[in-house]
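*Asks:* Just to be clear, the model below is a prediction. Sequence and coordinates:
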Amino acid sequence: MADYLWDNIFRKDAKEKELITRLKENFLFELLSNKELSFIEQIVHVRTYRANEVIFRQGEAGVGMYIIKKGNVDIYSAENIPGQENQNETKVTSLSEGDFFGEISLVEAGSRRTATAATSTETELIGFFRPDLIELLERNPNIGAKVVFRLAEVLGRRLAETTDKISLIKQELLRISEKKRRKKDVQQSNSDS
Amino acid sequence: MYNSRTLIRRERYIKSFAVFALLCFFAWTIFAVENMMASVVLALVITYLLNPFVNKLERKGTRRTTSILLLFVVASLALSLLASLFYPILSTQIGDLQAELPKYQIGIVKLISNLEKKAQEIMGGYYSFDIIKGINTLIAESAGALFSNIPDFASKFLTVFILAPFFAFFMLRDGRGVVRQFLRMMPNNLFELALNLNYQINEQMGDFIRARLLEAGIVGLVIWIGLAIIGFPYASILAIFAALTNLIPYVGPFIGAVPAIAIALINKDPSIIVFLVCMTYAIAQIIDIVFIIPMVVAKIVNLHPVFVVVVIIIGSQLMGILGMIISIPVASALKLTFTAVYDHLINFRS
């Protein structure tokens, strides 16, 4: 009986340490001390998913982000064609341990998920949601400010990446239209001659 | 893949059933166990009132348990001070009212019989009234019950006043942990919905309870000042009664004014006093409608007036005065839950 009790206590400790380690590895929480991480540990939610289980669907209201503690998550995106029943979902990316997703919902009230997330293996996720962030800011603004600052950094990077991609697409579009114009000019001059 | 889907679906059903069963058990405990409903409601009121202050102390680095204990000590001291200040006035007024109660009983009967006669004159015998017989029995029964029920009421009052702070202490300290444990039981597909719903209901209830208590306090204070200036008897008792009935939307303010107007009419006070008493209640309501409701209450609960009245009637049928007071926050929580679940099931899907 005594062995059983001790065994359970150690296992719980190990689980808690594992959670703190996983949080510490995450970009949002990496600047926090162990004491501060213990506070975060009381706020976040650990969820277990079976393989091929949907975490959230594109278009659903989202309230927060997930960090992958164990396992793998696939992100799918569907083209939203009105009136079309079966819309093909394309796999956008695969995420593994330590990666996180859904952080935009953490700051945008009433936001909708822009993609579908589903597990590919048995997965454990750490959920951090808007109500948790608000609770953190209310109860411990020092930690809250650090997390929000890092979150702003993540969103800033995402914005920079998106701007780069848009610039590239714009350049590509310009190049294509220039090419088309030249081709048209050549065709015009050929027909004139 | 098929096995995995079946397992997921089975797990979701089991978890949903477990959550539903647990909710039903809580609801049954609250309704079936004596004094539990009143204790839980009062504990929730204390929790919502103290929570912002506990958070404030916690922000300054005080441990949560210490913050709660500190606030309980301060609140107890403040209540004791208020009680020692108002007890002599209140006990004198209650004693006077008890002594003069037979006079008011006869007065009410006379007032109603006069009204009955006038109504029969107006109706010209087309319709005959005999409400006075029923009123006599009702008054005799309720006046007898008022004093014979005092020991029973006192024991219930004592139980609730011991249980409520006890529950409130643990709600403040461990409430979030308990909610987290409960959310842990939720199936994955409903988890985010439940988390968000819990947050929204909590926020709305907190704002609603704090706003309504502030509103009741201000209305009670205005009436107390007004009646004291006029020199009207039982000003403190009437102000407390008006503050409490003000918690019932729409009909509450009228119920609150009835005893004062009845006392003025029975005592055959001059018309100017009756007018001033009516004015006091009217001014309190004007302040409430013009300033307090738009600033603190209206933005919180957006329910249609007809719906509010129906809900109050249902509340009064089920649980009497307590039902009338708590019917609106309960209806708001149900409306919020229904809207959120409907949105989740219908609108969330793109």
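*Replies:* Arrived safely, thanks for sending. Just so you know, these numbers come straight off a predicted model, no measurement behind them.
*Asks:* near chain A at all, the helix or strand hosting B:Asp207?
*Replies:* B:Asp207 belongs to helix B:188-230 when elements are defined using DSSP states H and E. Yes. Counting by Cβ under 8 Å from any Cβ of the partner chain, chain A is contacted by helix B:188-230 at B:188-189, B:191-192, B:195-196, B:198-199. Quick note: C-beta positions are derived from backbone N, CA and C, even for glycine.
*Asks:* of these, closest to chain A?
*Replies:* Taking Cβ to the nearest Cβ as the measure, chain A sits nearest to B:Tyr199 out of these, at 3.7 Å.
*Asks:* And the closest residue to the closest one other than its chain neighbours, how far from B:Glu203?
*Replies:* Excluding the flanking residues, the one nearest B:Tyr199 by Cβ to Cβ, 6 or more residues apart in numbering or on different chains is A:Pro131, at 3.7 Å. As defined by Cβ to Cβ, to the nearest Å, A:Pro131 lies at a distance of 9 Å from B:Glu203.
*Asks:* who touches residue 54 in this structure?
*Replies:* Using chain A here. Residues near A:Val54 by Cβ atoms under 8 Å, 6 or more residues apart in numbering or on different chains: A:116-118, B:189.
*Asks:* not quite, I wanted chain B
*Replies:* Contact analysis of B:Val54 by Cβ under 8 Å, 6+ apart lists B:64, B:67-68, B:71, B:172.
*Asks:* Out of the residues of helix B:188-230 next to chain A, who's the most crowded?
*Replies:* B:Glu192 (28 neighbours; other Cβ atoms under 10 Å in any protein chain shown).
*Asks:* and B:Gly252, how many residues sit next to it?
*Replies:* Residues near B:Gly252, counting by other Cβ under 10 Å: 20.
*Asks:* from memory it sits against B:Thr245, does it?
*Replies:* Yes. With contacts counted by Cβ atoms under 8 Å, B:Gly252 reaches B:Thr245, the gap being 4.3 Å.
*Asks:* Counting neighbours, go ahead and name the busier of A:Pro131 and B:Glu203.
*Replies:* With neighbours defined as other Cβ under 10 Å, A:Pro131 and B:Glu203 compare such that A:Pro131 has more, 17 against 14.
*Asks:* mind checking how far the more buried one is from B:Asn202?
*Replies:* To B:Asn202, A:Pro131 is 8 Å away according to Cβ to Cβ.
*Asks:* Identify the residue nearest A:Asn52 in space, chain neighbours excluded?
*Replies:* B:Ser4 (5.0 Å).
*Asks:* Likewise for B:Arg5?
*Replies:* A:Asn52 (7.1 Å).
*Asks:* Name the surrounding residues that touch stretch B:35-42.
*Replies:* B:29-31, B:156, B:159-161, B:163-164, B:167-168, B:319, B:322, B:326.
*Asks:* Quick one, grab the pLDDT at residue 182.
*Replies:* Let's take chain A. At A:Arg182, the pLDDT value in this model is 90.
*Asks:* not quite, I wanted chain B
*Replies:* On pLDDT, B:Phe182 comes in at 90.
*Asks:* thinking again about what came up before, which of the contacts of A:Val54 tops the neighbour count?
*Replies:* A:Ala117 (23 neighbours).
*Asks:* rewinding a little: save the residues of helix B:188-230 next to chain A as JSON lines, and put in pLDDT too.
*Replies:* Converted to JSON lines, the residues of helix B:188-230 next to chain A look like this (pLDDT from 0 to 100):
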{"residue": "B:Asn188", "pLDDT": "91"}
{"residue": "B:Asn189", "pLDDT": "87"}
{"residue": "B:Phe191", "pLDDT": "91"}
{"residue": "B:Glu192", "pLDDT": "89"}
{"residue": "B:Leu195", "pLDDT": "91"}
{"residue": "B:Asn196", "pLDDT": "86"}
{"residue": "B:Asn198", "pLDDT": "87"}
{"residue": "B:Tyr199", "pLDDT": "87"}
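*Asks:* and residue 22, how many neighbours?
*Replies:* Picked chain A for this. A:Arg22: 22 neighbours (other Cβ under 10 Å).
*Asks:* Chain B is the one I meant
*Replies:* Neighbours of B:Leu22 (other Cβ under 10 Å): 12.
*Asks:* what's the distance between it and B:Ile292?
*Replies:* 38 Å.
*Asks:* same question, B:Glu100
*Replies:* Taking Cβ to Cβ, one finds B:Glu100 at 33 Å from B:Ile292.
*Asks:* Which one's more surrounded, the two?
*Replies:* B:Ile292 (19 against 16).
*Asks:* give the contact list for the more buried one.
*Replies:* B:214-215, B:218-219.
*Asks:* one more time with 10 Å
*Replies:* Shown in contact with B:Ile292 (Cβ atoms under 10 Å, 6 or more residues apart in numbering or on different chains): B:211-212, B:214-219, B:298.
*Asks:* likewise B:Ser236?
*Replies:* B:86, B:89-90, B:92-94, B:220, B:224, B:227-228.
*Asks:* ditto for A:Ala145
*Replies:* Contacts of A:Ala145 by Cβ under 10 Å, 6+ apart are A:136-137.
*Asks:* Name the helix or strand for it, please.
*Replies:* helix A:141-192.
*Asks:* how far is that helix from where the chain is centred?
*Replies:* A distance of 21 Å separates the centroid of the chain from that of helix A:141-192, by Cα atoms, centre = their mean, to the nearest Å.
*Asks:* picking up where we left off before, which of the contacts of B:Val54 come close to chain A?
*Replies:* Among the contacts of B:Val54, proximity to chain A is found for B:Arg64 (Cβ under 10 Å from any Cβ of the partner chain).
*Asks:* The contacts of B:Val54 into JSON lines, with extra columns for neighbour count?
*Replies:* Below are those laid out as JSON lines (neighbours: other Cβ atoms under 10 Å in any protein chain shown):
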{"residue": "B:Arg64", "neighbour count": "16"}
{"residue": "B:Ser67", "neighbour count": "22"}
{"residue": "B:Ile68", "neighbour count": "24"}
{"residue": "B:Leu71", "neighbour count": "20"}
{"residue": "B:Leu172", "neighbour count": "24"}
